[in-house]
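S.K.: Structure of the sequence below:
(one chain, ligands or ions: 1)
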Amino acid sequence: MSLTRVILANPRGFCAGVDRAIQMVELALQEFGAPIYVRHEIVHNVHVVRRLEEMGAIFTDELNDIPEGSVVIFSAHGVSEAIVAQAKQRQFQIFDATCPLVSKVHMQVVRYSRQGRECILIGHAKHPEVEGTMGHYSNEQGGMYLVETPEDIDALVLKNPAHVSYVTQTTLSVADTQQMIEQLKRKFPAIAGPAKEDICYATQNRQDAVDKLSTVCDTVLVIGSQKSSNSQRLADLAQRNGLKSYLIDDVSQLTADMLTDTKVLGVTAGASAPEHLVQTLLNHLKSRYQVQVETLDGPVEDMYFALPGVFRSLDVRKQRAEVVE
Ligand code: SF4
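M.R.: This next block holds a predicted model:
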C-alpha cells in the first residue's frame, strides 16, 4: 500500500499564547539587545528555542545563573509566586509571557487559597505549568494536591471535603480530564470548580481536529517536541482512536516504517510548532510520493492576546519600520 493522500488537520500549530510569548522575546531582543534571559524554554519546541538562542536569548531554569539587573522573561507556562519574588529580589527587569489562559488558572488558585479551600490540580507532575500553578497556593490551613490519574483521586484524603475546589492544567486530554472531573464530583459532591474546565481553546480545537482526522486516515504525524504536553496529547489521541501515530520534531525524524501500510496520512502540529515545519514535511512527501494534499474544515481561530504595554508600542514601531522598508 502506497501513500496517496495527505490530510492536514485544521486548526493546527501556533496558538495565541505561544505567538505572544515568542513575540515578546523577539521584541525584547530588538529593544534591549542580547542577551535576554528566559526562565525555562519560552515554549516547548526545539526549533523555536534554537532560533531565539541564535538571536541572543539564553534559556535557563535557574535564576541564580542570571546576572543581577538582566532582562528576564517568564515563559508561556507561567511561574510560581516564589519565582516572581526571587526574580524581584535579584532586581531583574521582568517581563511575564505567561499565557493569559494560564494566568486565569493562577487567579482561581489564589482565590481558593484566600478562601482557605483545599484545591486539587489535575495535571502532569514536573510540567512547568503545574509547578507554576501549584506555586500560587499559599494557605497553610488548606492544601493543594496534584492528581494525575483516577487512582490518585481514589487515594486522595482531604482535611475538609466540604470546602474543596479543583483546577486543571490547560493542555490535557479533554476526554481524560472530563472523566477525572466527574470522578472528583462523585467523591467530593461539594467541590467548586470553573464553569468549564481550564483546558484551553487551542488544546480543545487541536484535539477535535485529530478526532476528525482519525475518521479518514491510517496514520497521523504530529509535528511537535517531546516536551510539549499538548503535542503529546494529539499523538496519544490518534493512537486511542486506533491509528498509528508519531510525534516528530521535523521531517528529519520521519522514517519509512512510519508510513508502512499507510494510504492516507494525517498531519497536525502542536500549539508550539511553527507552520514552516509542516510545509517542509509536505514538500518532502510530495517529492517522494504522488500525493493529493487536502485540508480538513475546521473552526477559524481569531483569538489574540494583547502584548504587555511596553511591547505594544515596540510592536507598532516594528510595523512602521516594515512599512517604510
Ligand atoms: Fe495558552 Fe493554550 Fe497556547 Fe498554552 S496551549 S499557550 S494555554 S493558548
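S.K.: Counting neighbours, what do you get for His284?
M.R.: Using other CB atoms under 10 Å, His284 has 14 neighbouring residues. C-beta here means a position set from N, CA and C on the backbone, and glycine is covered the same way.
S.K.: got the contact list for it?
M.R.: Val251, Leu254 (CB atoms under 8 Å, 6 or more residues apart in numbering).
S.K.: tell me the SS of it?
M.R.: helix (DSSP: H, G, I helix; E, B strand; the rest coil).
S.K.: Now do the contacts for whatever residue of the chain ends up closest to the ligand.
M.R.: The ligand sits closest to Gly17 of the chain, with a gap of 2.5 Å, by CB to the nearest ligand atom. If you count contacts by CB under 8 Å, 6+ apart, Gly17 has them with Ala76, Cys99, Pro100, Leu101, Val102, Cys200, Ala202, Ala271, Phe305.
S.K.: redo that, cut-off 7 Å
M.R.: By CB atoms under 7 Å, 6 or more residues apart in numbering, the contact set of Gly17 is Ala76, Cys99, Pro100, Leu101, Phe305.
S.K.: What helix or strand is it located in?
M.R.: Per DSSP states H and E: Gly17 is located in helix 16-32.
S.K.: go on, Arg111?
M.R.: helix 100-115.
S.K.: Please point out which parts of that helix sit buried.
M.R.: Across helix 100-115, burial judged by 16 or more other CB atoms under 10 Å covers Leu101, Val102, Ser103, Val105, His106, Gln108, Val109, Val110, Tyr112, Ser113.
S.K.: isn't Gly135 right up against Gly78?
M.R.: No: contact criterion CB atoms under 7 Å: Gly135 and Gly78 do not qualify, at 8.8 Å.
S.K.: higher neighbour count, those two?
M.R.: Using other CB under 10 Å, the more surrounded residue of Gly135 and Gly78 is Gly78, with 27 against 18.
S.K.: so what's the more buried one up against?
M.R.: By CB under 7 Å, 6+ apart, the residues touching Gly78 are Thr98, Val102, Ser103, His106, Glu129, Gly132, Thr133.
S.K.: Could you rerun that using 6 Å?
M.R.: Applying CB atoms under 6 Å, 6 or more residues apart in numbering, we find Gly78 in contact with Thr98, Val102, Glu129, Gly132.
S.K.: Roughly how far does the first one sit from Ala271?
M.R.: Counting by CB to CB, to the nearest Å, the gap from Thr98 to Ala271 is 15 Å.
S.K.: Over to the third one?
M.R.: Taking CB to CB as the measure, Glu129 falls 12 Å from Ala271.
S.K.: Equivalent analysis for the last one, please.
M.R.: According to CB to CB, Gly132 stands 17 Å off from Ala271.
S.K.: Please, where are all the helices along the stretch 201-325 of the chain?
M.R.: Under the criterion DSSP state H, counting those that start in this stretch, helices of the stretch 201-325 of the chain are mapped to 201-214, 229-240, 275-288, 309-324.
S.K.: Show me where the chain has its strands.
M.R.: When secondary structure is read from DSSP state E, the chain shows strands at 5-8, 36-39, 57-60, 71-74, 93-96, 118-122, 144-147, 164-168, 219-223, 244-248, 264-269, 292-295.
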